[in-house]
Structure formats: C-alpha cells, structure tokens
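Trainee: for reference, the sequence and a predicted model appear below.
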Amino acid sequence: MKSFDLRAKFNIILLALALLGLVLSLFLAYEYAQPGEIVCPAVESINFDCQAVRESSYSKLLGVDLPIWGSLFYLGLIGSLAIYFFKTFREKVQKHYEAIVWFFIISGFIFESYLTYLQFAKIKALCSWCLMTYGLLILILIVNIVYSINKKLISRR
C-alpha cells in the first residue's frame, strides 16, 4: 500500500470523526444560545448536569462560549485534513502536513482534557455532550496514532 493511499484512508476516517465533532459542537453552540436549559442525556448514577457546566465560570474563553471554540477547532481540523485531497495545497504544505495535523489533534486533546478535569474537579458536574466531543477527540487521537504506526511499519519494508 502506498503512503498516499494509507494517509487518504485514515484521513477519511478522521474527517468523518471530525465532522461528527463539528456537528456536536455546533449543536452545543446552538443550545448555549437558547434561553432554556440544555437537554442533557444522563445516566442515573452519574451527575450529568449540562446546565451547571454551561453556567460555570469555565464555560467561556475570552468572552466566547466554549462550543464556539470547539466548532472553530473542528473546522480547523477538517480543513487541515481536507488539504490532503487537493494536490496543489498538499504540495505546498507536504513537508509540514503531518505536524499540522498532529498540532490540531494534540492541542485539542490537551484542552479537552483540561475541560474534562474542570468538570470533575471544579464544577462537580458533567456535561454528557462535552464528554462525547472529548470521546471523539480521543478516537481521533487513536486513529492518528494507528496511522503513524502503520506508516512506520510500511516504510520499514
């Protein structure tokens, strides 16, 4: 399998996950803009309270609701992944392409990890929608790690 084919296949998976993350983030951004409480899918034994997370002092960054930042993050990730399918752009960034993708994934993972910590340790309430976007980001990270391992294995042949 050629390296391009491998990257393309993994990018399709990553794009699908990132699109799902964008949809979730846009949904949350919409919910944040509504005056009523956020509908929060819950499990009885876990303290899911999306409204408490929304009303916390941690729900904004630079005065902007976090779901807006999440939407921008996923748009950036989608853009960086989609570049691969456009030869003209790919050739311009080919040398740094992997680093750009890793930058988005790692920075998003670190920030989402911090936000999840805040839900557990500071807010003492969990937002199931937020945890779903975190789970998606973990999946994106795992898929990119699997790609990197496969790329190394193929290059050793």
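Mentor: All right, it came through fine. Worth saying up front: this structure is predicted, and the values here are computed from it rather than measured.
Trainee: the residue lying closest to Leu61 once chain neighbours are set aside - how many residues pack around it?
Mentor: Spatial nearest neighbour of Leu61, excluding adjacent residues (Cβ to Cβ, 6 or more residues apart in numbering): Trp69 at 5.7 Å. The way it works is simple: take the backbone N, C-alpha and C, and place the C-beta from them, glycine included. Neighbours of Trp69 under the rule other Cβ atoms under 10 Å: 18.
Trainee: all further residue positions should be reported with the first residue as 38.
Mentor: With 38 as the first residue, the last one maps to Trp106.
Trainee: and the helix or strand hosting Trp106, what's buried?
Mentor: For Trp106, the element it lies in under DSSP states H and E is helix 103-119. For helix 103-119, burial by neighbour count (16 or more other Cβ atoms under 10 Å) applies to 103-108, 110-111, 113-115, 117-118.
Trainee: returning to that earlier point: do you know how far the residue nearest to Leu98 is from Leu114?
Mentor: 13 Å (Cβ to Cβ, to the nearest Å).
Trainee: same deal with Leu52?
Mentor: Per Cβ to Cβ, Leu52 is found 9 Å from Leu114.
Trainee: got it, and Gln156?
Mentor: 22 Å.
Trainee: same deal with Glu92?
Mentor: Where Leu114 is concerned, Glu92 sits at a distance of 28 Å (Cβ to Cβ).
Trainee: again with Gln88
Mentor: 28 Å.
Trainee: what does Val76 give?
Mentor: Taking Cβ to Cβ, one finds Val76 at 26 Å from Leu114.
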